[in-house]
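**Q** With the sequence up front, the predicted model follows.
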Amino acid sequence: MNPRPPKYKVPLSKRLSRFFALARVLANEFRGFLICSTGAFAVSTLILYNLYPLKELPPHHHSLLGIAYDTLQMIFFQSPIPFVDDWRLTPLFFGLPILGLLVIAEGVVHLGNLLLQHKLYTREWQEMLAATFENHIIVCGLGNVGFRVVQQLRRYGEDVICIERDGESSFVQEMQHYEVPVLIGDARNVQLLEKACVKAARAIIAVTDNDLANLEAALNARELCPGMRVVIRMFDQRLAKKIEKSLGINCAFSASALSAPVFAQAALSGNILASFEFGGTVVNAFQISIASVSPLAGMTIDEVRQKHEVTVLMHQRNGTVDWNPSPGTNLAAGDRLLVMADNTDVHRLLKTEQALLGAG
């Protein structure tokens, strides 16, 4: 079973934005009906105001606003003004209550249908919801990589729209828990990108299992929204680098190239969390658990930095993480450190791993 998204506090501004977005969804769905009913109400009000014998009514009925209120009451089966046997007005006295019935019936049926679509998170609802997004991120391809990308983005509190070719993918169903709409189809399709509000998007991440599909989707998105950030997944690292330089793609990554250093370093130690290349040097994120017999116990963080030539990023003690530990902090048994080191420094740490990390 895939893990559910972690709980995070949504800012009030974003909650208000989402509320108004949903209101726009409803307004858009009822647009035709609202235009027709509002038009009928306005025409009826003007007919009554110009043709009804207002002198026979109390003074507060003589204004246009007063007649508008009377018209509204007539729509909902009230009789605020007496019936007049005038062929120009008679249709209003019989037609306005019928209009009221239609308003109630259409409103109940249509709103009920929308609520059902929202509860079931149907594709129609997701398309309507996607049409309200702006400053969001589009993720093309909802496979293993795409799913984890969405997880990370939602942890950051980002709004996401997914495009996935396979509507039967298990990850498509998972997106309901992340409140992420999924549009089913080919990410290269311009119309589908427009449904994902690509012109209002901040970035697009193309991570399907097809290099050419990723490239075409990215280029189509960039054509529709020239200023957006584009990130694509490429299986061929050499091609990825060429694409970055020649086509102006912000980032083109090869999953195999990114994971290879991690696999290689993990074979040396299970305490390496991540590995990447920077400036021609392989940099490793390495976790150290301070055992009671460890030479690090009693040392300060600054002493660890100087002796082992590593960068200490975080210090954890009793479940509390210090993101910027003081150089003078004394280490004790049970503490954990997150350090950054190159291959040479990692090998130096690995030689003393039994002492530093216990069973390692």
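**A** Looks like it arrived, so ask away. Numbers count the residues shown, from 1 in each chain.

**Q** From here on, just use CA atoms for contacts and neighbour counts.
**A** Fine.

**Q** State the next helix or strand along the chain beyond the host helix or strand of residue 48.
**A** Element membership for residue 48, per DSSP states H and E: helix 31-51. Following helix 31-51 in sequence order, the next helix or strand is helix 64-75 (DSSP H and E).

**Q** And that next one, how far out from the chain middle?
**A** 44 Å (C-alpha atoms, centre = their mean, to the nearest Å).

**Q** Which stretches in the stretch 51-200 of the chain count as strands?
**A** 137-140, 160-164, 182-184 (DSSP state E, counting those that start in this stretch).

**Q** and what of the stretch 201-350 of the chain?
**A** 203-206, 229-233, 251-253, 272-278, 281-289, 311-317, 320-322, 336-342.

**Q** What average pLDDT does the second one get?
**A** Okay, so that is strand 229-233. The pLDDT scores in strand 229-233 average 89.

**Q** So what touches it?
**A** 202-208, 211, 214-215, 218, 222, 240, 249-255 (C-alpha atoms under 8 Å, 6 or more residues apart in numbering).

**Q** swap in stretch 179-190?
**A** So stretch 179-190 is contacted by 123, 126-127, 129-130, 140-141, 159-167, 172, 175, 192-193, 196, 213-214, 216-217, 220-221 (C-alpha under 8 Å, 6+ apart).

**Q** returning to that earlier point: possible to save the strands of the stretch 51-200 of the chain as TSV with distance to residue 23 and mean pLDDT?
**A** Formatted as TSV, the strands of the stretch 51-200 of the chain follow (distance: least, C-alpha to C-alpha, whole Å; pLDDT from 0 to 100):
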stretch	distance to residue 23	mean pLDDT
strand 137-140	21	96
strand 160-164	19	95
strand 182-184	20	93
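
**Q** Make CSV out of these and add mean neighbour count and distance to residue 104.
**A** Output for those, formatted as CSV (neighbours: other C-alpha atoms under 10 Å; distance: least, C-alpha to C-alpha, whole Å):
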stretch, mean neighbour count, distance to residue 104
strand 137-140, 27, 38
strand 160-164, 26, 34
strand 182-184, 24, 32
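
**Q** export the ones you listed to TSV and tack on distance to residue 45?
**A** Formatted as TSV, these follow (distance: least, C-alpha to C-alpha, whole Å):
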stretch	distance to residue 45
strand 137-140	47
strand 160-164	44
strand 182-184	44
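
**Q** mind checking which of those is nearest residue 260?
**A** strand 137-140 (23.8 Å; C-alpha to C-alpha).

**Q** List of residues touching that closest one?
**A** 146, 149-150, 158-164, 187, 196, 198, 201-208, 214.

**Q** Enumerate the positions of stretch 41-57 that are buried.
**A** Buried residues in stretch 41-57, counting neighbours by 16 or more other C-alpha atoms under 10 Å, are found at 41, 44, 45, 48, 49, 52, 54.

**Q** Quick check: of those residues, which lies closest to residue 92?
**A** Closest to residue 92, out of all of the buried residues of stretch 41-57 and judged by C-alpha to C-alpha, is residue 44, at 6.9 Å.

**Q** Residue 94 is in contact with the closest one, correct?
**A** No - with contact defined as C-alpha atoms under 8 Å, residue 44 does not reach residue 94; the gap is 11.8 Å.

**Q** what residues are up against the closest residue to residue 272 other than its chain neighbours?
**A** In space, residue 272 comes closest to residue 286 once its chain neighbours are excluded; the distance is 4.5 Å by C-alpha to C-alpha, 6 or more residues apart in numbering. Residues near residue 286 by C-alpha under 8 Å, 6+ apart: 271, 272, 273, 274, 338, 339, 340, 341, 346.

**Q** Output the strands of the stretch 201-350 of the chain as a markdown table; include the columns distance to residue 260.
**A** As requested, the strands of the stretch 201-350 of the chain are exported to a markdown table (distance: least, C-alpha to C-alpha, whole Å):
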| stretch | distance to residue 260 |
| --- | --- |
| strand 203-206 | 21 |
| strand 229-233 | 15 |
| strand 251-253 | 13 |
| strand 272-278 | 9 |
| strand 281-289 | 11 |
| strand 311-317 | 23 |
| strand 320-322 | 29 |
| strand 336-342 | 15 |
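
**Q** where among those is the average confidence lowest?
**A** strand 251-253 (a mean of 74).

**Q** what sits up against that one?
**A** Contacts of strand 251-253 (C-alpha under 8 Å, 6+ apart): 230, 231, 232, 233, 234, 235, 237, 240, 241, 243, 244.
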